[in-house]
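What shape does this take:
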Amino acid sequence: MSNPFAAIGRKEWLFSLRTFAAGLLALYIAFSLNLPRPYWAFGTVYIVTQLSSGALRAKAMWRFTGTLVGGAFAIAAVTALVDAPPLLVLAIALWVPACLTLSLLDPTPRSYAFMLAGYTAAFIAFPGVDSPGTIFDTALARVIEIGLGIACAYLVHGVLFPRPSIPAMLAQMRTWLGQLARFGAEALRGPIAYERFAAERRRIARDGAALDVMFHQARYEHGAMRAALRWLPLLRGDARQVPTLISAIADRVGALREADPAAHAALAPLLREVGDWMLAVSRPGVADPGRAEAAAESGAALRARLRVEEERGAATGGWAGLLREGLSARVIELVDTWLRCLGHAHPISAAAMRGERPPEAPLSALGTGLRPPGHTDALLVGLSGLASFLAIVGISAFWILAAWPAGGGAAMIAAVGTCFFAQLDDPAPAISKFLTGTTIAVAIAWIYMFAVLPSVDGFALLALALGLVYLPLGAMQAVPSLMGVAMPIAVTAPTVMSLQETYAADAAGLLDGGIATIIGLAGALLATRLVRSIGIRWRIRRLAAADRRDLARLARRRRLVDLRPLADAMFDRFEAIASRLGPVDPASVGLVELGPLRAAYNVLRLRAALERLGPPLAARLEDAIDAIAEHARGRADDAATLARLDEALREALAADAAGTGPAAGAPSGATGGAAGGAPAAVAAAIGPSSPAAAGGPASSAAGGPASSAAGGPASPAAGGTASPATGGPVSLAAAGGRPARAAALALSGTRMALFPAAPPPEGLITGPGWRAAA
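Sure thing, here's the model as predicted:
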């Protein structure tokens, strides 16, 4: 096991020195202004200081906002309920969970404001119970002290010694795109080792989620690069689809190798070319407009050759034909999606490498941030609020009944303890670590109060005395693995010792304050363990169940819908699962990674095909969709569901072979989008963004692949007729009038997504058509 202290180096010590300087500045000004609690200003510096300027600005802004809101509520609550302490406690105990709920539903840095508004009200209201006449002065003083700490931290870390996060985020973006390209190339070259393939897919998901966090922080930085950041959500929206497409491709490559080795051997060189192309166009230098155009042209050439393979598969009978056609269609989607990713990455890279001002991305690209992430669990949010309520009410009841003078301090610390770590699956270990750090802080406070501070005369000696502890603490704070211990010590010690300009030892008050802090955190820990502690396995099961529930809802709908919000939620959940799945076997928690999402795509394609079919086959397809819904809800086992899917698949292929349908005489070469069952409107409905829908890089300045040469989903090559922006009714004109074939392909895709280990359907294992078609 590595020593985390070994990570402390020159950068960490410089970070600590600057943070300590900001803390001393805040403390000195607070002393000069005769603020009642100067230690709040000092502690705030250590709370808001972050490793990057963007994260600092975000935390500082929303901390101050939350402090204002919480202070206003505390004034109103104490003024209205001063004569009824139990009602005041109840009001605060309801306010804190309400704010915590809003915080947990907001995936942006803005969530910090909601959390601060919650426990700031407790910090101001509980000490004000005994002196309601000074509640306004207390609230105003806290706002000033918090604002002072924020201003000093921002001056030092944001103005004098800024550490912008945008360069690191851009480097991470380029690394992540390179990982995606290598992941795709390895799957296309084949064969793959499944465990390694799954592990790499999860790593890519984790890194993508980390990129989102960096993006939300970088948005708060200033400079020319900020405009380029508007393209990142568009890039992420398309790039998140890539692992799903590659997973579908890898499954089909393996199945085609087994079902028809000759067909696989014929297609393998082209698949390797696509993989090599992904690697080539993703190398550094793609920001050059000439390279971007060349990437679009070479992608269009690959797309044309893949269309030929798709048509050959469409002319083939049996399971092998479906695999070949579906494989070609998914690779075409991969090429189109990768071109869009490059188009979105181009303005970001051009701005970073050549200093160009990027073209304006649509305002909608940034979004409002109001949509809760897909992995948000209403049950956990509710339990987090309940834990906070129980901790505050329980400790407050003891405070009131025992007439304990320091009980208000314990109650407000309980509010902090239950809020700080509520976003974790199991907050209890983090609260326990925080309690350990707080206990150490209480001991340090005692040593300072009775062994160090009596000998201190003047601010310079105070600074030297504090530096003995706070310089190492600041360096520890710069190391993520040590922050959990360093933070509570840095924030709690000056609060427990009530650090003032004039030394005044109060052993009884210090003891009471220390005990109150420890009891407050212990109460938060107890409440959390009672109602909120869960295991990783339970959390993964909940995430997987949410995916299946969404798939069932989609399958129950009798009309086409825009799948993008549901797909975003499923992508969020997969990234959440990927960060937790290390020691857990996916099969043990009922998880088929990305299976429900891939099935959802195919349900949409199946629904589009079904609208063009006659009653006998349409009824069978409805039964297949019902089977998908029942299986997702746990009401049908694998064998029964597979049997219903295979029966529908056989009937769809028989109907296509018999030439039934609205346009039976359409030539096989016109299948176009049939393989995916996804002409333009379907592509829009299942994709988070497209050039037309998201305002992508249609201009030459962007170097984006929005032209027909790129063969994007909105181009004439795709055969789409509906507006990609709406994801509205789907035209099957591109399917060459073969909706039964499109339905068969959608059923085969669903089958492979939900039952990857199932053998080929009986009666469809071989087909005579491929060699003749080839």
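
Please make it C-alpha for all contacts and neighbour counts, starting now.
OK.

Run through the stretch 251-400 of the chain and note the low-pLDDT ranges.
Within the stretch 251-400 of the chain, the ranges that satisfy pLDDT under 70 run 284-290, 351-372.

can we see that at 50?
286, 368-370 (pLDDT under 50).

what helix or strand does residue 268 sit in?
In the assignment (DSSP states H and E), residue 268 maps to helix 261-281.

what helices or strands is that helix leaning on?
Counting contacts by 3 or more CA pairs under 8 Å, 6 or more residues apart in numbering; DSSP states H and E, helix 261-281 is packed against helix 166-189, helix 241-259, helix 289-314, helix 318-354.

most packed of these?
Greatest average neighbour count among these goes to helix 318-354 (a mean of 26), per mean count of other CA atoms under 10 Å.

That one vs helix 241-259, what angle?
150 degrees (axes from the mean of the first three to the mean of the last three CA atoms, to 10 degrees).

Which helix or strand lies directly C-terminal to helix 318-354?
helix 378-402.

what's that following helix in contact with?
89-90, 93-94, 96-98, 100-101, 104, 404-408, 410-412, 414-415, 418-419, 422, 520, 523-524, 526-528, 530-532 (CA atoms under 8 Å, 6 or more residues apart in numbering).

May I see the buried residues of it?
380-397, 399 (16 or more other CA atoms under 10 Å).

now do stretch 209-227
Residues 209, 211-221, 225-227 are the ones in stretch 209-227 that count as buried (16+ other CA under 10 Å).

Just the ones of the residues you listed in helices?
209, 211, 212, 213, 214, 215, 216, 217, 218 (DSSP state H).

For residue 61, see how far away the last one is.
Here residue 218 is placed at a distance of 14 Å from residue 61 (CA to CA, to the nearest Å).

Make a markdown table out of the helices and strands packed on helix 261-281 and add distance to residue 476.
Output for the helices and strands packed on helix 261-281, formatted as a markdown table (distance: least, CA to CA, whole Å):
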| stretch | distance to residue 476 |
| --- | --- |
| helix 166-189 | 21 |
| helix 241-259 | 37 |
| helix 289-314 | 44 |
| helix 318-354 | 32 |
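
mind checking which of those is nearest residue 39?
Residue 39 sits nearest to helix 166-189 of all the helices and strands packed on helix 261-281, at 33.0 Å, using CA to CA.

how much does the closest one deviate in direction from helix 241-259?
Using the same axes, to 10 degrees, helix 166-189 lies at 10 degrees relative to helix 241-259.

Break the protein into its domains for me.
Taking automatic domain parsing as the criterion, the chain consists of the domains 1-163, 168-377+534-774.

Does residue 551 touch residue 634 like I think?
No. At 11.8 Å, residue 551 does not count as touching residue 634 under the criterion of CA atoms under 8 Å.

Same drill for these two, tell me which one is more crowded.
The neighbour count for residue 551 versus residue 634, taken as other CA atoms under 10 Å, is higher for residue 551 (26 against 14).

And that one, what's its pLDDT?
pLDDT for residue 551: 96.

same check, this time on residue 406
90.

Count the neighbours of it for me.
Counted with other CA under 10 Å, residues neighbouring residue 406 total 19.

Likewise for the one 4 residues further on?
Number of residues near residue 410 (other CA under 10 Å) recorded here: 31.

And the one helix or strand it maps to, what does it pack against?
Using DSSP H and E, residue 410 sits in helix 407-420. With contacts taken as 3+ CA pairs under 8 Å, 6+ apart, helix 407-420 sits against helix 111-125, helix 378-402, helix 507-531.

quick check: angle from it to helix 378-402?
Using the same axes, to 10 degrees, helix 407-420 lies at 170 degrees relative to helix 378-402.

Now do helix 407-420 against helix 111-125, angle only.
Using the same axes, to 10 degrees: helix 407-420 against helix 111-125 is 170 degrees.

Contacts for the helix or strand just after helix 407-420 next, please.
Moving toward the C-terminus from helix 407-420, the next helix or strand (DSSP H and E) is helix 427-447. With contact meaning CA under 8 Å, 6+ apart, helix 427-447 is reached by 417, 421, 484-490, 492-494, 496-497, 510, 514, 517-518, 521-522, 524-525, 528-529, 532-533.

on that earlier part again, with distance to residue 469 as new columns, can the domains of the chain be given to me in a markdown table?
Shown next, in a markdown table, are those (distance: least, CA to CA, whole Å):
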| stretch | distance to residue 469 |
| --- | --- |
| domain 1-163 | 10 |
| domain 168-377+534-774 | 30 |
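
comparing the ones you listed, which gets the lowest mean pLDDT score?
Among those, domain 168-377+534-774 carries the lowest mean pLDDT (a mean of 78).

Run the chain-centre distance for stretch 197-209.
Relative to its chain's centre, stretch 197-209 lies at 13 Å (CA atoms, centre = their mean, to the nearest Å).

Stretch 625-633 too?
Counting by CA atoms, centre = their mean, stretch 625-633 comes out at 28 Å from the chain centroid.

Also stretch 233-253?
On CA atoms, centre = their mean, the centre of stretch 233-253 falls 16 Å from the chain's centre.

any residues touching that stretch, and which ones?
For stretch 233-253, the surrounding residues in contact (CA under 8 Å, 6+ apart) are 180, 184, 187-188, 190, 192, 201, 205, 208, 264, 323-324, 326-327, 330-331, 333-334, 337-338, 340-342, 344-345, 365-366, 571, 594, 598, 687-690, 694, 696, 749, 752-753, 756.

Over to stretch 406-418?
96, 119, 122-123, 126-127, 384, 387-388, 391-392, 395-396, 398-400, 431, 512-513, 516-525, 528.

cutoff 7 Å now
Contact with stretch 406-418 is made by 119, 122-123, 126-127, 387-388, 391-392, 395-396, 399, 431, 512-513, 516-517, 519-521, 523-524, as judged by CA atoms under 7 Å, 6 or more residues apart in numbering.
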